[in-house]
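Novice: Only the shape, not the letters, is given here:
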């Protein structure tokens, strides 16, 4: 199942809506690529806790922002350098 990330951004930003991931995908969401600078560490923690592989991508995050998420368990990237500057 492919879901456009821009449809999920409002969900990613609202901590109380984490459950919507599983509702929208009928518990089939297994991997998601997102720009981590548009979310918080709780998003990465939630995804890992619920066996959903988080992947940073389409991102303009700084190294420091990425490393914060790596410390929480982020291990994947998608479209590396796709939206990055510098």
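Specialist: Everything's here; your move. Remember, it's a predicted structure, so these values are computed and weren't measured experimentally. Residues are numbered from 1 along each chain as shown.
Novice: where does the chain have low pLDDT?
Specialist: When residues are selected by pLDDT under 70, those of the chain lie in 1-23, 80-86.
Novice: So which residues of it form helices?
Specialist: 5-13, 20-25, 41-49, 63-71 (DSSP state H).
Novice: contacting residues around the nearest residue to residue 76 once chain neighbours are set aside?
Specialist: Residue nearest to residue 76 in three dimensions, not counting chain neighbours: residue 55, with 3.8 Å by C-beta to C-beta, 6 or more residues apart in numbering. Every residue, glycine included, has its C-beta placed from N, CA and C. Applying C-beta atoms under 8 Å, 6 or more residues apart in numbering to residue 55 gives the contacts 31, 32, 33, 34, 74, 76, 77, 78.
Novice: what is residue 55 paired to in the beta sheet?
Specialist: residue 33, residue 76 (DSSP bridges).
Novice: ok so, going back, which among the contacts of residue 55 count as buried?
Specialist: Neighbour-count burial (16 or more other C-beta atoms under 10 Å) applied to the contacts of residue 55 gives 32, 33, 34, 74.
Novice: Tell me how far residue 64 lies from residue 41.
Specialist: 12 Å (C-beta to C-beta, to the nearest Å).
Novice: the more surrounded of these two?
Specialist: Comparing residue 64 with residue 41 by other C-beta atoms under 10 Å, the one with more neighbours is residue 41, at 14 against 7.
Novice: who's in contact with the residue nearest to that one when sequence neighbours are not counted?
Specialist: Of all residues not flanking residue 41 in the chain, residue 72 sits nearest, at 5.6 Å (C-beta to C-beta, 6+ apart). Going by C-beta under 8 Å, 6+ apart, residue 72 touches 41, 44, 45, 48.
Novice: Swap in 6 Å and give it another go.
Specialist: Shown in contact with residue 72 (C-beta atoms under 6 Å, 6 or more residues apart in numbering): 41, 44, 45.
Novice: mind checking how far the first one is from residue 48?
Specialist: Residue 41 sits 11 Å away from residue 48, taking C-beta to C-beta as the criterion.
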